[in-house]
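Student: Sequence unavailable; structure follows:
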């Protein structure tokens, strides 16, 4: 059994807990939290709930520690710290800062003789893998990534910070005609506006000015100004009833040409339709936790990404079974 | 530069030649043929055309030999023979015989100190990879593979063997409603008939009995009897004009559930739409030839499949560039 620890028990930590339950070769042994452990109820019988300060005591009782904090401030600090003590997996998703994060985790993991796998999930993660495979296969081509339909936590938060807004949920939606143009091999040049629309469901405070809030949303730089945005004002009950989930998904496409005179077209498409963004991310993380454990058992150390790990390391089945059943 | 040799110059061999041209770190140095080399014209200036018996003389002049023969009789013999002399890649696609082929190639490649990568292409190949990744991520789920719309060489050949048939092309077509049911998370149980239909374009000999030929096609065991089959009789000119290509493609889907009570559904879908089946297969092979070369440079030997090779080995870019641009 691979002994899993979870650091941070929010949506992602709970997702990892559920994923571990589905993998018969893994068990959750401890959850570490910054909250008072006595206030944190977890689902797994027999697993410990500990304060984050106790984590180092578990060094020899955990095979892989999964870091479930946020990318803005938690992971840049936590992943290097814990990679020195444990094999770790994180879902660091600030694309621009990945090279720096990789270097920090690599140094720490090597120092501790551990394996640290960063940026695991679906984007970065499975989407990155599909971009990479497709680029290697079709060197002469174009990449497209569309996100959605799904809830953007960052955009929902941005709306909630507006004066007069009580609650909000924002969906990112790919523009169907743009997707179709890519699928048809038209290789379109697409602006931000042409790729995605944004749909907002907003609950107002009692005294709020709807027109003012709507204008503030639509013109918000970076978040909404460059998009066609629709704003719906609804009640708190309706928000809870119809927009309570955290669905997401998206599409990675590469169109390319082959042949001596580039006479043939090809399209590679990978897509995800997810009821729960954090639970799916957690499932990917659990598979890579298995890889971290195995790589560590082989004596490897340092930072890795999804690009560096042979697919077979993710599976509970051995090579012969995989070749017989899935090749 | 990675020096590539090609053994067998049919559709696949020509496809590999085109793929090598698109990869700036590779060059085609020799093509080996069972035909009289003086009768074989290749596209690449400067590459040699040699008889198959000369291949051993090129042992030190070729980094990776790509075996472009057929899976029925060529590759089971050739891949082990040449894996003892060269790093090799093949596209062996008889799924049921892969374990046996793997064992033979593994023994030969280890004896020669070479790397042999087998069953490279899209199915087996990219489809297998996607089945494997999706299974590792969603342990509680169901797999579906649909092929097409595309030309099945085996089914076209089967029609051509019927008395009175001059020429034929057979398309395998996924049933759209079955695909939709899978995408909707209905987890349908699908019979052979419910998954694919078969469409045949047949050119008759002058004296042939159309009704008899059609009946013979529709009732042919294994090939057509279990499918809804449509037969169109057309002229040789029409066949050439409208059915001259070798398109193919298909869909790999896995639907699965997550959550403590399995309350959430997810769908992973990978699809290919290919103008030229052999050229796309060749592109995948070229990327794995790069991997074979690098693994061999690292001192590895033995048989590998797509499951055993970290994605980064396929790319001409280094790890830092991949992390910065694609993660």
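Tutor: Cool, the structure landed. Note that the structure is predicted; figures quoted are calculated from it, not measured.
Student: before we move on, which element is residue A:134 in?
Tutor: If you go by DSSP states H and E, residue A:134 is part of helix A:126-137.
Student: Which elements pack onto that helix?
Tutor: Contacts defined by 3 or more Cβ pairs under 8 Å, 6 or more residues apart in numbering or on different chains; DSSP states H and E place helix A:126-137 against strand A:141-147, strand A:248-258, strand A:264-274, helix B:126-137, helix B:277-297. For every residue, glycine as well, the C-beta is placed using N, CA and C.
Student: repeat that for 7 Å
Tutor: strand A:248-258, helix B:277-297 (3 or more Cβ pairs under 7 Å, 6 or more residues apart in numbering or on different chains; DSSP states H and E).
Student: average pLDDT for that helix?
Tutor: The pLDDT scores in helix A:126-137 average 98.
Student: swap in stretch A:36-44?
Tutor: 97.
Student: List the buried residues of that stretch.
Tutor: By 16 or more other Cβ atoms under 10 Å in any protein chain shown, the buried positions in stretch A:36-44 come out as A:37, A:40, A:42, A:44.
Student: now the closest residue to the first one other than its chain neighbours: how far from residue A:123?
Tutor: Right, the one you point to is residue A:37. In this structure, residue A:37 finds its nearest non-sequential neighbour in residue A:49, 4.6 Å apart by Cβ to Cβ, 6 or more residues apart in numbering or on different chains. Distance, residue A:49 to residue A:123, using Cβ to Cβ, to the nearest Å: 31 Å.
Student: my read: residue A:255 touches residue A:181, true?
Tutor: No - if you go by Cβ atoms under 7 Å, residue A:255 and residue A:181 don't touch, sitting 10.1 Å apart.
Student: Count the neighbours of the nearest residue to residue A:174 once chain neighbours are set aside for me.
Tutor: The shortest distance from residue A:174 to any non-neighbouring residue, by Cβ to Cβ, 6+ apart, is to residue A:146 (3.8 Å). Number of residues near residue A:146 (other Cβ atoms under 10 Å in any protein chain shown) recorded here: 22.
Student: okay, residue A:146: pLDDT?
Tutor: pLDDT, residue A:146: 98.
Student: Look up the residues forming beta bridges with it.
Tutor: Counting by DSSP bridges, residue A:146 is bridged to residue A:251.
Student: Check which residues of the helix or strand residue A:215 falls within are buried.
Tutor: According to DSSP H and E, residue A:215 maps onto helix A:210-218. Going by neighbour count (16+ other Cβ under 10 Å), the buried part of helix A:210-218 is A:213, A:214, A:216, A:217, A:218.
Student: Distance-wise, check the closest residue to chain B within the stretch 51-200 of chain A relative to residue B:25.
Tutor: Using Cβ to the nearest Cβ, the single residue of the stretch 51-200 of chain A nearest to chain B is residue A:136, 3.9 Å away. Note on residue A:136: its distance to residue B:25, by Cβ to Cβ, is 12 Å.
Student: the more surrounded of those two?
Tutor: The residue with more neighbours, out of residue A:136 and residue B:25, is residue A:136; 24 against 10, by other Cβ under 10 Å.
Student: My understanding was that the more buried one contacts residue B:317; is that so?
Tutor: No - counting by Cβ under 7 Å, residue A:136 sits too far from residue B:317 to count as a contact (8.7 Å).
Student: ok, back up a step: so where does the residue nearest to residue A:37 fall, helix or strand?
Tutor: strand A:48-51.
Student: Go ahead and name everything in contact with that strand.
Tutor: A:29, A:30, A:31, A:32, A:33, A:37, A:40, A:42 (Cβ atoms under 7 Å, 6 or more residues apart in numbering or on different chains).
Student: How about stretch A:208-225?
Tutor: A:155, A:158-159, A:162, A:164-165, A:198, A:200, A:202, A:204, A:229, A:231, A:233.
Student: Show me the two of those that sit farthest apart.
Tutor: Farthest apart among the contacts of stretch A:208-225 by Cβ to Cβ are A:164 and A:198. That separation is 19.0 Å.
Student: Just want to know which of these two has more residues nearby.
Tutor: residue A:198 (22 against 15).
Student: isn't there a strand covering that one?
Tutor: Yes - counting by DSSP: H, G, I helix; E, B strand; the rest coil, residue A:198 falls inside a strand.
Student: Among the buried residues of stretch A:36-44, give me the pair with the biggest separation.
Tutor: Greatest spatial distance among these (Cβ to Cβ): A:37 and A:44, at 14.3 Å.
Student: Since that was my last question, I'll sign off now.
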